[in-house]
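K.L.:
need the 3D shape of this:
(one chain, ligands or ions: 2)
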Amino acid sequence: MSDSEDEAVERQVKVVLVGSPQVGKTSLALRYTQDTINKSYQASMGVDFYLKRLVLGNERNVNVQIWDVAGSALAGKMTDKYLYGAHAIMFVYDVTNSNSLDTLQDWVTAVRRAARAQERPPILALVANKADLEHARQVKSERHHRFANEHGMTSYVVSAKTGEGVSLSFQKVAAELLGIRLTKAEQEQQQPVVTAEILTFQEAALPKVPQAASSSTSSVCNLM
Ligand SMILES: Nc1nc2c(ncn2[C@@H]2O[C@H](COP(=O)(O)OP(=O)(O)OP(=O)(O)O)[C@@H](O)[C@H]2O)c(=O)[nH]1
Ligand SMILES: [Mg+2]
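P.N.:
Residues are numbered from 1 along each chain as shown. Ligands and ions are numbered 1, 2, ... in the order given. I've put the predicted structure just below:
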């Protein structure tokens, strides 16, 4: 295959965000695709779609399609339709709200039901959001890991507010789906910038920073 043909190959992955209202699903989707969040809460209705285009390893064009399902949809009739065909489900809860982890059990049931006819079941990830609110944490790390292990989920701790861990969680989920191993540079590049004071500085002594391996564009639309 020539380089130009190779570049034309697009990989689509459907990633669905589920969890209780107000845990921060929309905030995570906004942080990842537009590097922003809504400061005031506005409940989602139905499902919103976000798109992030990225480069992962040797995969030239990976389109991550994010389905941001409203927390209120768990009680609705459309849930199966939103979940069907998902390649990955990110189960989001709020570390300051213990009930939001309990409710994920109902989402696990809904996901299993929706995926029962799927040839390849989705991969599952547990996402603990609002890590910036450590002082108000209600869910201990052991409980988080127990839940993840019980349900065969990979696990992430993130903050949509600060951006901590957000890109890396989506990148790792996409990489797992496509069977790609992220390079160390790709992983480090996703860490949030920590502000530090530099007292003395010798340019020649600094290691060369590798070129960024990913580029991205994003877009959003809504279906209710
Ligand atoms: N401190 C803090 N606040 C957050 C974080 N993520 C989201 N929030 C806030 O939590 C509230 C709810 O966020 P949303 O993203 O709208 O929640 P949601 O899960 O989409 O809610 P539904 O659409 O009702 O399902 C908003 O006020 C956000 O600003 C976070 O990481 N840290
Ligand atoms: Mg929302």
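K.L.:
now the strands for this structure?
P.N.:
10-18, 47-56, 59-69, 88-94, 123-129, 154-157, 218-223 (DSSP state E).
K.L.:
what parts of the chain come near ligand 1?
P.N.:
Contact residues, the chain versus ligand 1 (CB under 6 Å from any ligand atom): 21-27, 37-39, 41, 43-44, 70-71, 129-130, 132-133, 159-161. Quick note: C-beta positions are derived from backbone N, CA and C, even for glycine.
K.L.:
now list the buried members of the residues you listed.
P.N.:
23-27, 37, 44, 70-71, 129-130, 132, 159-161 (16 or more other CB atoms under 10 Å).
K.L.:
and stretch 152-172, how far out from the chain middle?
P.N.:
Relative to the centre of its chain, stretch 152-172 is centred 6 Å away, using CA atoms, centre = their mean, to the nearest Å.
K.L.:
ok, Tyr82 - contacts?
P.N.:
16, 47, 67, 69, 73 (CB atoms under 8 Å, 6 or more residues apart in numbering).
K.L.:
and with 10 Å instead?
P.N.:
Tyr82 sits next to 16, 18, 46-47, 67-70, 73, 76, 110, 114, 223 when contact means CB atoms under 10 Å, 6 or more residues apart in numbering.
K.L.:
confidence-wise, which of the residues you listed comes last?
P.N.:
In terms of pLDDT, the weakest of the contacts of Tyr82 is Leu223, which scores 55.
K.L.:
who's the closest spatial neighbour of the residue nearest the centre of the chain, skipping the chain neighbours?
P.N.:
Closest to where the C-alpha atoms of the chain average out (CA atoms, centre = their mean) is Phe170, at 3.8 Å. Nearest non-adjacent residue to Phe170, counting by CB to CB, 6 or more residues apart in numbering: Tyr32, 5.3 Å away.
K.L.:
the one you found against Val166, yeah?
P.N.:
Yes: with contacts counted by CB atoms under 10 Å, Tyr32 reaches Val166, the gap being 5.4 Å.
K.L.:
from the buried ones among the residues of the chain next to ligand 1, which are also near ligand 2?
P.N.:
Restricting these to those touching ligand 2 (CB under 5 Å from the ion) yields 26, 44.
K.L.:
from ligand 1, how far off is the closest residue to Ala110 other than its chain neighbours?
P.N.:
Once flanking residues are discounted, Ala110 sits nearest to Thr79: 5.3 Å by CB to CB, 6+ apart. For Thr79, the distance to ligand 1 equals 13 Å [CB to the nearest ligand atom, to the nearest Å].
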